[in-house]
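# A structural model of the following input is requested.
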Amino acid sequence: MKKTGILLSFFLSILVSLSSLQAEEKIIPDNPQPFGVWLEELKAEALGNGISAETLRQALANIEPIPRIIELDRKQPEFTQTYEEYISRRVSPTRIAKGREKIGEFSSVLTPVSDNMGVQDRFIAAIWGMETNYGGYTGGYNVIAALATLAYDMRRPDFFRKELLRALEILDQGHIAPEDMKGSWAGAMGQGQFMPSSFFAYAYDFDGDGRKDIWIDEADVFASIANYLKKHGWQADQTWGREVSLPEDVDGLWEKVKQKEKIKSCRRALKDHSKQLTLEEWKALGVKTKFGGDLPDVGDRPFKASLVMPAGKDGPAYLTYENFRSILKYNCSNYYALGVSLLSDELK
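As a prediction, the model looks like this:
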């Protein structure tokens, strides 16, 4: 009996080992070219783009594809959270309390950045909190290794090859040391989670030291987040929007306000928005504040808002202003933009 048990355990261990090997085989990159050959071609391209041989030597030493990254890229979980679940986890009492603490801790840096860049500090802090829990978790992957893995794989090679070359350019310009260039498995970097191409478009050297350090230097982190919003039309004299109460006939209201024009950008989020109307027009349709009062009087300003109901007609309703669309440029998701917006309200 004992021998039977030993033999059974032995065969089970073999089956487990074989299953593990099969699982590993499934996540090998679908690239027939040997990685070493591919890497030499990449180095030649990078040299042709003006990146120094020394930067390439330091950044690409001992680089190999990371199977876990390929697995994550191919098996990204389907987004199944409800709106309530998403908001309760991201705009939690813990995150709100930590955000208030961090605003106080970094006020000597955050306030001048906010004043100079024209973006309210609470919105900078809210994106900081949503992206990396106020710098607490920026991702533990070597960005060069992560991007090399995804560029070598055949699912989206062109996109990640361009990002990899831009990441090498960041190193070559001396913004960060190779060992400190950490980020997510997909290559998003630093406390604001910028892809390398976004780094060149929006990263900001606020302290004037010649480096755009979005990893460690909070002044550059805050200014880069603010610069991203500012370049996408942020208005310092406006907020993001507000929760509202709708008239009883929600279906009838939606029929009147649903948009019919073709959406040109961020369709994934904006397809669920109404057309944009002035606050006076929303008042005329019976829309009121969350507490039943009149919507604010904004005078002659060209102040328009679109309606979104992220949990359906039986859930909360929000009028969202132009600044909300600036947040959508950071991440084209109504859940994300509402998470940032509602967190920012708690951080006032």
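
# how close does Gln33 sit to Ala151?
12 Å (CB to CB, to the nearest Å). Any C-beta I mention is one placed from the backbone N, CA and C, and that applies to glycine too.

# quick one, which of the two is more surrounded?
Ala151 (25 against 12; other CB atoms under 10 Å).

# so how many other residues sit close to Thr289?
14.

# How about the contacts made by it?
Counting by CB atoms under 8 Å, 6 or more residues apart in numbering, Thr289 makes contact with 242, 244-245, 295.

# Can you pull the phi and psi angles for Arg242?
phi -160, psi 150 (degrees, to the nearest 10).

# That one is in contact with Pro316, isn't it?
No - judged on CB atoms under 8 Å, Arg242 makes no contact with Pro316 at a distance of 10.8 Å.

# picking that back up, in ChimeraX, how would I select the buried members of the contacts of Thr289?
Those of those that count as buried under 16 or more other CB atoms under 10 Å are selected in ChimeraX with:
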select :242,244,295
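
# Need the contacts of Thr289 in a markdown table (columns: distance to Arg57, secondary structure and pLDDT).
Shown next, in a markdown table, are those (distance: CB to CB, whole Å; DSSP: H, G, I helix; E, B strand; the rest coil; pLDDT from 0 to 100):
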| residue | distance to Arg57 | secondary structure | pLDDT |
| --- | --- | --- | --- |
| Arg242 | 54 | strand | 97 |
| Val244 | 58 | strand | 98 |
| Ser245 | 63 | strand | 97 |
| Leu295 | 61 | coil | 93 |
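
# Among the contacts of Thr289, find me the one that's closest to Ser344.
Minimum separation from Ser344 among these (CB to CB) is found for Arg242, which lies at 12.1 Å.

# so who does that closest one touch?
289-290, 318-319.

# Also Ser326?
Contacts of Ser326 (CB under 8 Å, 6+ apart): 229, 232-234.

# are any of the residues you listed buried, and which?
Looks like the contacts of Ser326 have 229, 232, 234 buried, using 16+ other CB under 10 Å.

# So the second one versus Ser306, what's the distance?
Summarising the geometry, the distance separating His232 from Ser306, computed by CB to CB, is 16 Å.

# ditto for Arg122
Distance from Arg122 to Ser306, by CB to CB: 22 Å.

# Same check on Cys332?
Look at Cys332 and Ser306: by CB to CB, they are 15 Å apart.

# Have a look at the two and say which one is more surrounded.
Ser306 (22 against 16).

# Out of the contacts of Ser326, name the two that are farthest from one another.
Among these, Leu229 and Gly233 lie farthest apart (CB to CB), at 8.3 Å.

# which residues does Cys266 contact?
325, 328-329, 332.

# make it 7 Å
Contacts here follow CB atoms under 7 Å, 6 or more residues apart in numbering; on that basis Cys266 touches 328, 332.

# Check which element follows the helix or strand hosting Asp158 along the chain.
Using DSSP states H and E, Asp158 sits in helix 157-172. Scanning forward in sequence from helix 157-172 by DSSP H and E, the next helix or strand is strand 182-183.

# which strands and helices sit next to that next one?
Here strand 182-183 touches strand 141-142, helix 143-152, going by 3 or more CB pairs under 7 Å, 6 or more residues apart in numbering; DSSP states H and E.

# Tell me the buried residues in whichever helix or strand comes after it?
Sequence-wise, the next helix or strand downstream of strand 182-183 (DSSP H and E) is helix 196-202. Across helix 196-202, burial judged by 16+ other CB under 10 Å covers 196, 198-199, 202.

# what do you get for stretch 115-124?
So for stretch 115-124, counting by 16+ other CB under 10 Å, buried means 117, 119-124.

# what's that stretch in contact with?
Contacts of stretch 115-124 (CB under 7 Å, 6+ apart): 103, 110-111, 113-114, 222-223, 225-227, 229-230, 234, 236, 344, 347-348.

# Inside helices: which ones of the buried ones among the contacts of Ser326?
Judged by DSSP state H, helices contain the following of those: Leu229.

# Turn the buried ones among the contacts of Ser326 into TSV, including pLDDT and distance to Phe160.
Listed next are the buried ones among the contacts of Ser326 as TSV, based on pLDDT from 0 to 100; distance: CB to CB, whole Å:
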residue	pLDDT	distance to Phe160
Leu229	98	26
His232	97	24
Trp234	97	29
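
# between the buried ones among the contacts of Ser326, which is nearest Ser265?
Closest to Ser265, out of all of those and judged by CB to CB, is His232, at 10.6 Å.
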